[in-house]
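# Got a predicted structure plus its sequence, pasted below:
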Amino acid sequence: MAALKKDHLTIDSLKFDFARIDELVRMWRESFEFGVGVADPHPIAEQSQYLITKLIPNNMVRIAMLDGKLVGFIAATRDSISQLYVRKGNHRCGVGTQLLDWAKAQSSGSLWLYTFARNAVARAFYEKHGFRIVARGFEPTWQLADLRYEWKAQRAAV
Ligand SMILES: CC(C)(COP(=O)(O)OP(=O)(O)OC[C@H]1O[C@@H](n2cnc3c(N)ncnc32)[C@H](O)[C@@H]1OP(=O)(O)O)[C@@H](O)C(=O)NCCC(=O)NCCS
C-alpha cells in the first residue's frame, strides 16, 4: 500500500462535532469486524448511543482526517486506550501510529489497553510500539480470549 502523504493527514479533536458521528460509527464497526473477524450483532443506533453517553464523557477522542475523509479514531485517557480503529482500506499507512503517538504524548507516562488474542494485526501493531502483554483473560461479551498490554515511557537518564 502507498505510504501516507503525511501532509494531508490531520489529527483533530472530535469535540462535539456530532455531524461526524454516523461516519465514525460506521467506520469503527467495519474496522472492528475486519480486525477481530466477527460480525457485530448490535444495532448501529446502540453503538452511537454508547459513543455519546459512555465513550465521549469518559475519554478524550481524536479523529484522523485524510483529504476530508475520516480515516481513524482513538478514545483514550491519560492512563489507557479504550478504542483505536483505522478505516479498512487505509491500514498500514501510518494512521494508527499517529493516533497512538498522540495518546502517548498526552499520557501520564504509561498506558494500558485490551485487545483480543485472535487479533494478530493489533498485537503486532502494539508490540511494534513498545506495548508488552501483562495479563491474559477472557472477555465475556464476545466470548473471546483477551490480552492486557502495557506501555511505559522511557525515562531519560539523569
Ligand atoms: C491495528 C490498527 C489500528 C493499526 O493501524 P494502522 O494505521 O494500520 O498501522 P500503522 O500503519 O501505523 O502500522 C505501524 C506498524 O504496526 C505493525 N503492523 C500494522 N499492520 C500490520 C499487519 N497487517 N501485519 C503486521 N504488522 C502490522 C507494523 O510493524 C507497522 O509498521 P510497518 O508498516 O513499518 O511495518 C489497524 O490495523 C486497525 O484499525 N485494525 C482493525 C481494528 C483493530 O483491530 N483495532 C485495534 C483494537 S484493540
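In hand now; what should we look at?

# Skip the chain neighbours and tell me the closest residue to residue 39.
Once its chain neighbours are removed from consideration, residue 39 has its nearest residue in residue 33; the separation is 6.0 Å (C-beta to C-beta, 6 or more residues apart in numbering). All C-beta spots, glycine's among them, are computed from the backbone N, C-alpha and C.

# doesn't that neighbour fall inside a helix?
Yes. With DSSP: H, G, I helix; E, B strand; the rest coil as the criterion, residue 33 is assigned to a helix.

# neighbours of it, just the number please.
One way to gauge burial is a neighbour count; for residue 33, by other C-beta atoms under 10 Å, it gives 13.

# With residue 53 instead?
Burial measure for residue 53: 10 neighbouring residues, criterion other C-beta under 10 Å.

# so is it in a helix, a strand, or just coil?
Applying three-state DSSP to residue 53 yields a three-state assignment of helix.

# confidence score at it?
With respect to pLDDT, residue 53 has a value of 95.

# Can you pull the residues of the protein lying near the ligand?
Along the chain, the residues adjacent to the ligand under the rule C-beta under 6 Å from any ligand atom are 31-32, 34-35, 84-86, 91-97, 115, 119, 121-122, 124-125, 128.

# could you redo the last one with a cut-off of 5 Å?
The chain comes close to the ligand at residues 31, 35, 85-86, 91-92, 94-97, 115, 119, 121-122, 124-125, 128, as judged by C-beta under 5 Å from any ligand atom.

# Can you say which of those residues are buried?
Buried members of these, scored by 16 or more other C-beta atoms under 10 Å, are 31, 35, 85, 86, 91, 94, 95, 96, 115, 119, 122, 125.

# Mind putting the residues you listed into CSV with secondary structure and pLDDT?
Shown next, in CSV, are those (DSSP: H, G, I helix; E, B strand; the rest coil; pLDDT from 0 to 100):
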residue, secondary structure, pLDDT
31, helix, 98
35, helix, 96
85, strand, 98
86, strand, 97
91, coil, 97
94, coil, 94
95, helix, 95
96, helix, 97
115, strand, 98
119, coil, 98
122, helix, 98
125, helix, 98
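
# In the chain, what residue comes closest to the ligand?
residue 96 (2.2 Å; C-beta to the nearest ligand atom).
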